[in-house]
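**Q** Sharing a model that was predicted from the sequence below.
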Amino acid sequence: MLIHPDRLFPVDPAARDVARRLYAGIQDLPIISPHGHTDPRWYAENEPFPDPATLFVIPDHYIFRMLYSQGVRLEDLGIPTKNGSAVERDPRAIWRRFAAHYHLFRGTPTRAWLDHTFATLFGFTERLSPANADAYYDRIDAALRTPEFRPRALFERFRIEAIATTESPLDPLKHHETIRQSGWKGRVVTAYRPDPVVDPDFEGFRGNLARFGEITGCDTLTWSGYLEAHRKRRAFFREYGATSTDHGHPTARTANLSGSDAEALFRRVSTGDAGPEDAELFRAQMLTEMAAMSVEDGMVMQIHPGSFRNHNDAIFSRFGRDMGADIPSQTEYVRALKPLLDRFGNEPNFTLILFTLDETSYSRELAPLAGHYPALKLGPAWWFFDAPEGMRRFRELTTETAGFYNTVGFNDDTRAYLSIPARHDVARRVDCAYLAGLVTTHRLDEDEAHEVAHDLAYRLAKEAYKL
Amino acid sequence: MLIHPDRLFPVDPAARDVARRLYAGIQDLPIISPHGHTDPRWYAENEPFPDPATLFVIPDHYIFRMLYSQGVRLEDLGIPTKNGSAVERDPRAIWRRFAAHYHLFRGTPTRAWLDHTFATLFGFTERLSPANADAYYDRIDAALRTPEFRPRALFERFRIEAIATTESPLDPLKHHETIRQSGWKGRVVTAYRPDPVVDPDFEGFRGNLARFGEITGCDTLTWSGYLEAHRKRRAFFREYGATSTDHGHPTARTANLSGSDAEALFRRVSTGDAGPEDAELFRAQMLTEMAAMSVEDGMVMQIHPGSFRNHNDAIFSRFGRDMGADIPSQTEYVRALKPLLDRFGNEPNFTLILFTLDETSYSRELAPLAGHYPALKLGPAWWFFDAPEGMRRFRELTTETAGFYNTVGFNDDTRAYLSIPARHDVARRVDCAYLAGLVTTHRLDEDEAHEVAHDLAYRLAKEAYKL
Amino acid sequence: MLIHPDRLFPVDPAARDVARRLYAGIQDLPIISPHGHTDPRWYAENEPFPDPATLFVIPDHYIFRMLYSQGVRLEDLGIPTKNGSAVERDPRAIWRRFAAHYHLFRGTPTRAWLDHTFATLFGFTERLSPANADAYYDRIDAALRTPEFRPRALFERFRIEAIATTESPLDPLKHHETIRQSGWKGRVVTAYRPDPVVDPDFEGFRGNLARFGEITGCDTLTWSGYLEAHRKRRAFFREYGATSTDHGHPTARTANLSGSDAEALFRRVSTGDAGPEDAELFRAQMLTEMAAMSVEDGMVMQIHPGSFRNHNDAIFSRFGRDMGADIPSQTEYVRALKPLLDRFGNEPNFTLILFTLDETSYSRELAPLAGHYPALKLGPAWWFFDAPEGMRRFRELTTETAGFYNTVGFNDDTRAYLSIPARHDVARRVDCAYLAGLVTTHRLDEDEAHEVAHDLAYRLAKEAYKL
């Protein structure tokens, strides 16, 4: 049996029984996926996925970073190089390499997500291994050619009630338009991720500003025109269902400059006449500007700070961004957020959802902040921490100070479409296990635990993200 | 049943049995409360508490910060504003609002403390809810009018052997004098908390210095006179039973300036001619000066560092201090304490008890320091961490390096009088659960665990604080 | 019974059964001890250990730091002073003092290591106490006079397959030469620890440089001669079995200076014309130089950063180094290691093993780095964290991101020879307990867990250290 019905539940029989009962009440709830990176083209075009390697290995940085750390070359996994030099083209060869290293994922969430997918979607009962790699390949490959494995069919099979993709302001949202025109009922919304026009260190920032002006018809070389472009583009995104914005900055720093200082700063960064401190200050100021617009337009704001992007120079030069070399770093929130919170922290109709890659902030900073400010909510355990132990720590380190109701349920945050049910299932199980612990140590009554389990699996995400 | 006899014990039956046996041996021990913020007026005047809302909701920042974070206005909870503008005056309306949001406290220590109090003092067996809010109110309100609910009767019912309040050097200690004159046998002592005359950033610091001079008859505008005023006032506090001092600074920084540098620094801060770095340095120097006096007079010293006070400007302007907007921040100890430890860390008759709001320091800094320096001891899990998971982490992160005997038992540190038995009970249960884990994994023999349980519940606090 | 056969296994019966089965498969595996500080003289001369106090108490900073923290003077434990002033000379008196304070070690790994040693080597069944201190002393003292307790006999009894000692480049390795000449088959190798000639803040650094030149015949007052001396000395160490280098720096900082900048920096530090920043930069540059040599000569590199050495001035003045006053401090890796990783992080034949005293880095920095860079591996929980809870946290905080195969098994890192089997046994038990948790929560199949247990206990250390 590849996946066990009691996986991730407490070992103690009494606690396990409670967890089973809690889980039984929520396991079939629809999926709300308010934050992620699936490709809207899938839903728009509804084409079959090409082959097992292209579906599972090549786009998944969790997988190839682990293989790379153990000496497998990215070229041999078919990862395309920037200069177009030769890489492995045979998907079966890639798949065999992956299978040969499957033991590396022992104890990792990648293993749990994959086994769940292999078992529930393809009916496998035996662990992937070099011996059965070809049999795995063939069965998956055959399945992908069937109508049941087209993106929209999977969407429905996964019971996705709503999913958000993430787009740059420069994106024309044509896939979203296609979806809308198609008459298909699946609810796929966009989210506004303005980093390419907000972060002066983003590749091509000045060109992006120019393009931003063309798209919006605003003079994005002036501060007021630039802000107006954001307002217009946010409105455009809302037409395609967007209820949220997202901001991936190196730090959580915010600023609250005077209008003239902000304008002067914008002039420096927009003309390329800005150093690292100006870039950081501009990102900081823009978080506060985005908050101001959220107060106006009701879009929920998310901050995902603290990743040192593209840490490995050689990999970045050869393969580009998102190659598994983004590394968390220490992240401060208490001082960083104060300028923004001084302006908008007490706003009744503003929601700012905070994420972290620095677990030390959970109990020290994030839970105390979220347990006080009306505007703040805590996003779920993120990225490297979207895993059973990471999720358990999230609850243990935040609940006693912030409670459950200053959190927002689960985000899968994934590019790996087929893993979505597995990820939500892990989150639901871990939360049920945590609640079962509270119940069996008599900190929470079981009737309440059922209600909380439902809230964490469904209601809080739906309400926090206005979906 | 509102509280379960096995609450907080391990789920595994074998471990639970051990925990029960350990707890049975200590559950009825008297309470030593060596550090807290109850109001000495209660014991002096022995007047009834006015009503349920005024007793439970209005003064408890754990409660109102959570309600505020979920959109309840402080005005609607009866929190008085600084400008005297209208707030809710009806205690029953406040109580109903509190009851309507009782689910927000699921998984928090506030819930555990309240349920314990409701069950053991008022006999409730049903969880507080909107439906029974009035019944709760009426029963509590009636009880508060009876002699059994006067402060001194509760003191005796709680089996408090000794309790420390906390006063500023500017406090005349008249309530303590009244208690002494009254002939009542309850042991209520004061503690010396000189922040108002030590911290240049404290509201009214310069006025406080002047008042400090008037009270002590010392020339507190000179460095030597200022120090002499402290010595005199510490002696005065000792007349009212004080055995400890307490220091709530933004950081743990200490300094060891030459006499002339210290004098020059005092001149700058006492004349208002000092910037933030001078203020920080003066606080740092004063920790070392207080340590020097403790070496002389035997008072136990406590440092509670790392809170960013009054983080929410709007709340501070409207409602003042202690409104649930104090947020922990990262706190360094190794370098910060060195100047003080270089002078007094090896003193055999000096005790410095360290607290933290930054749990990362437990295993990295505090346990290694306390496991070496004779003068250092670790205070219990504090504030946001005075909760089951927080206490468990404290033991798991400190015991292997510092052992049990460099810790000092439990502090309730509370303003909420009725919660004192609940808080000590939680601490005793969590420690018994931790010890039961050691026993059942064969790291500690059960006879030893009984002794340690007794030490943690009673002896260590009594000895460390000389009570 | 002093040690229980199920110690450190999970309490739940089902999980305990799995742990027992896993442990049964690995408990008798030979010991690979790739990093430690035992004295090669023991193996060379094979003389009896003198007496219980000299064997157990005087050299063990875990023991005397705890006693010192509770008011026992180091002089009364026989710790020699630098000025040769009188200290306790009677080993039995020292032993009695130790026994009188044995309760201080409750809950600490020291207690577990000692009980294991007392039980398995000397047959004790009763806990050490003041009452049986003399009986303990006499039995141990008698045993130490027998051939079975000579160092080589113990080596064989402990089933040590290979052990590494640690020597300075200035060490002539004569004990290693004696071992080699003796024909004894025990595998004792050295390791290259160049701190005395790499760290400008090391006591006697400039004298050490001169001596380094004499030993190697290189002109160690020039940058090229200095580097050449390292190359020669590394080769010499390899003749005595060395497969690794080790670097104990205050931080993890690395640098990648140009040749001329490095040369100028070396000139400043070698002539004593360098401040703290130069010293730090030189250490940083030397880590990268050592990495360059490792790429050439295949020696595995280890970094042990983050200890604030000799924190207690009075103790350092009176007793010298390594007196239990080394305190961890916050340690950053992501930015610190980048210069070195930019040059060598992707080298297929280079291994850099990272250790930490700052547990916050496990999940935030170290696991993400090791889960990406081919050159990086994670060393086991170190020093204060080489204890059951510390080891559990290490696995919980690293496995989900880095897996098991970017870790390198266990290091005992000890000076306490008799504790070696106990330490490896604790590590094996804690890993089995962790794996049993994965198996019983259905995250790992039991057949895989057996394989991982074997890898963690034996194979990974052997392969990572090339032993």
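**A** Yep, it's here.

**Q** Let me know the distance separating the one residue sitting closest to the centre of chain A from A:Thr165.
**A** Among the residues of chain A, the one closest to the centroid is A:Asp413, at 2.1 Å (Cα atoms, centre = their mean). Plainly put, A:Asp413 is 12 Å away from A:Thr165 if you go by Cβ to Cβ, to the nearest Å. Heads up, the C-betas are built off the backbone N, CA and C, glycines and all.

**Q** Now do the shared contacts for these two.
**A** Taking Cβ atoms under 8 Å, 6 or more residues apart in numbering or on different chains as the contact rule, A:Asp413 and A:Thr165 both touch A:Gly36, A:His37.

**Q** Run the chain-centre distance for stretch A:361-378.
**A** On the basis of Cα atoms, centre = their mean, to the nearest Å, stretch A:361-378 sits 20 Å off its chain's mean C-alpha point.

**Q** Send over it as CSV, restricted to the C-alpha atoms.
**A** C-alpha atoms of stretch A:361-378 as CSV (Å, rounded to 0.1, in the frame of the first residue of the first chain):
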residue,chain,number,x,y,z
SER,A,361,9.6,34.9,13.9
TYR,A,362,6.5,32.7,14.5
SER,A,363,6.4,33.0,18.2
ARG,A,364,8.6,36.0,18.7
GLU,A,365,7.1,38.4,16.2
LEU,A,366,4.4,37.2,13.9
ALA,A,367,2.0,35.7,16.4
PRO,A,368,2.2,38.6,18.8
LEU,A,369,1.7,41.1,15.9
ALA,A,370,-1.3,39.1,14.5
GLY,A,371,-2.7,38.7,17.9
HIS,A,372,-3.0,42.4,18.2
TYR,A,373,-3.4,44.3,14.9
PRO,A,374,-6.8,44.0,13.3
ALA,A,375,-5.3,44.2,9.8
LEU,A,376,-2.8,41.3,10.2
LYS,A,377,-3.3,37.6,9.6
LEU,A,378,-0.7,34.8,9.4
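
**Q** and it, anywhere near chain B?
**A** Yes - Stretch A:361-378 comes into contact with chain B (Cβ under 8 Å from any Cβ of the partner chain), by way of A:Ser363, A:Arg364, A:Glu365, A:Ala367, A:Pro368, A:Leu369, A:Ala370, A:Gly371, A:His372, A:Tyr373, A:Pro374, A:Leu376.

**Q** show me what contacts A:Phe158?
**A** By Cβ under 8 Å, 6+ apart, the neighbours of A:Phe158 are A:Ile31, A:Ile420, A:Pro421.

**Q** Just the ones of these in strands?
**A** A:Ile31 (DSSP state E).

**Q** Out of the contacts of A:Phe158, flag the one nearest to A:Arg238.
**A** A:Ile31 (22.5 Å; Cβ to Cβ).

**Q** How about the closest one: which residues does it bridge to?
**A** A:Ile160 (DSSP bridges).

**Q** So what does the single nearest residue of the stretch 51-200 of chain A relative to chain B look like in phi/psi?
**A** Closest approach between the stretch 51-200 of chain A and chain B, counting by Cβ to the nearest Cβ: A:Gly107, at 20.9 Å. When read as degrees, to the nearest 10, the backbone of A:Gly107 gives phi 80, psi 0.

**Q** what does A:Gln181 give?
**A** The phi/psi pair for A:Gln181 (degrees, to the nearest 10) reads phi -70, psi -30.

**Q** what's the answer for A:Ser244, then?
**A** phi -150, psi 160.

**Q** A:Thr356 now?
**A** Torsion angles, degrees, to the nearest 10, at A:Thr356: phi -150, psi 150.

**Q** neighbours of it, just the number please.
**A** 26 (other Cβ atoms under 10 Å in any protein chain shown).

**Q** for it, what are its contacts?
**A** A:Pro305, A:Gly306, A:Thr331, A:Tyr333, A:Tyr362, A:Leu366, A:Trp382.

**Q** what sits against the residue in the stretch 301-450 of chain A positioned nearest to chain C?
**A** Residue nearest to chain C within the stretch 301-450 of chain A: A:Ala387 (4.0 Å; Cβ to the nearest Cβ). Neighbouring residues of A:Ala387 by Cβ under 8 Å, 6+ apart: A:Thr108, A:Pro109, A:Ala112, A:Ala381, A:Val426, C:Glu400, C:Thr401.

**Q** Counting neighbours, which of those comes out on top?
**A** C:Thr401 (31 neighbours).

**Q** Quickly find the element holding that one.
**A** helix C:388-402 (DSSP states H and E).

**Q** gap between that helix and the chain center?
**A** 18 Å.

**Q** Tell me the helices and strands packed up against that helix.
**A** Packing contacts for helix C:388-402, counted by 3 or more Cβ pairs under 8 Å, 6 or more residues apart in numbering or on different chains; DSSP states H and E, involve helix A:388-402, helix B:388-402, helix C:367-370, helix C:420-440.

**Q** avg pLDDT for that helix?
**A** The average of the pLDDT scores along helix C:388-402 is 98.

**Q** do the same with stretch A:103-114
**A** 98.

**Q** Which residues does it contact?
**A** Contact with stretch A:103-114 is made by A:7, A:56, A:60, A:62-63, A:66-67, A:70, A:102, A:128, A:386-388, A:416, A:419, A:422-423, A:426, C:399-401, C:403-405, C:438, C:443-444, C:448, C:451-452, as judged by Cβ under 8 Å, 6+ apart.

**Q** For ChimeraX, write a command that selects the buried ones of these.
**A** A single ChimeraX command selects the buried members of the contacts of stretch A:103-114 (16 or more other Cβ atoms under 10 Å in any protein chain shown):
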select /A:7,56,60,62,63,66,67,102,128,386,387,388,416,419,422,423,426 /C:399,400,401,403,404,405,438,443,444,448,451,452
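
**Q** Which residue ranges of the stretch 151-300 of chain A form strands?
**A** A:160-164, A:188-189, A:244-247, A:300-303 (DSSP state E, counting those that start in this stretch).

**Q** Now the stretch 101-250 of chain A against chain C: closest residue?
**A** For the stretch 101-250 of chain A, Cβ to the nearest Cβ, closest residue to chain C: A:Gly107, 4.1 Å.

**Q** give me the number of residues near that residue?
**A** A:Gly107: 29 surrounding residues under other Cβ under 10 Å.

**Q** just A:Pro339 next, same as before
**A** A:Pro339, neighbours per other Cβ under 10 Å, totals 19.

**Q** element containing it, please.
**A** Short version: A:Pro339 belongs to helix A:338-344, going by DSSP H and E.

**Q** In terms of secondary structure, what does that helix contact?
**A** For helix A:338-344, the packing partners by 3+ Cβ pairs under 8 Å, 6+ apart come out as helix A:276-297.

**Q** Could you list which residues are in contact with A:Arg92?
**A** A:Ala53, A:Asp134, A:Tyr137.

**Q** My error: substitute A:Cys218 in the last question.
**A** A:Phe212, A:Gly225, A:Tyr226, A:Glu228, A:Ala229, A:Lys232.

**Q** Check A:Gly225 too.
**A** Going by Cβ under 8 Å, 6+ apart, the list of residues near A:Gly225 reads A:Gly213, A:Cys218, A:Asp219.
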